[in-house]
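In: Next come a sequence and a model predicted from it.
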Amino acid sequence: MTKISASKLDNTLDPAVSKHYLSFLQRKVDKARLSLKGECFSNEEIESEFSARRAQAAKSAGQDS
């Protein structure tokens, strides 16, 4: 698979599309870097939080009947 350099990407795409894509890509990289630093939540933390929310929603739904 051939890699495309940023300069070739800029030359091949419409400038507005290229700018939008590069901005999108930078946000993804920034989020990944935060994740590596431990500034995001682990899968276990997320599952625990939403498990509690599901239980609360089920309890509320049972009370509404």
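Out: Noted; the coordinates are in hand. Nothing here was measured: the structure is a model prediction, and the numbers come from that model. Numbers count the residues shown, from 1 in each chain.
In: From now on I want contacts and neighbour counts done on CA atoms only, so please keep to that.
Out: Noted.
In: could you pull out the helices for the chain?
Out: Counting by DSSP state H, the segments of the chain that form helices are 6-12, 15-36, 43-64.
In: Tell me which residues of the second one come out buried.
Out: Just to be clear, that refers to helix 15-36. In terms of neighbour count (16 or more other C-alpha atoms under 10 Å), helix 15-36 has its buried residues at Ser18.
In: where does this protein dip in pLDDT?
Out: Along the chain, the model assigns pLDDT under 70 to residues 1-13, 38-39, 64-65.
In: Swap in 80 and give it another go.
Out: Residues of the chain that meet the criterion pLDDT under 80 lie in 1-17, 35-41, 63-65.
In: Can you tell me how far Tyr21 is from Arg27?
Out: According to C-alpha to C-alpha, to the nearest Å, Tyr21 and Arg27 sit 10 Å apart.
In: Also His20?
Out: For His20, the distance to Arg27 - C-alpha to C-alpha - is 11 Å.
In: do the same with Ala61
Out: Distance from Ala61 to Arg27, by C-alpha to C-alpha: 38 Å.
In: likewise Pro15?
Out: Counting by C-alpha to C-alpha, the gap from Pro15 to Arg27 is 18 Å.
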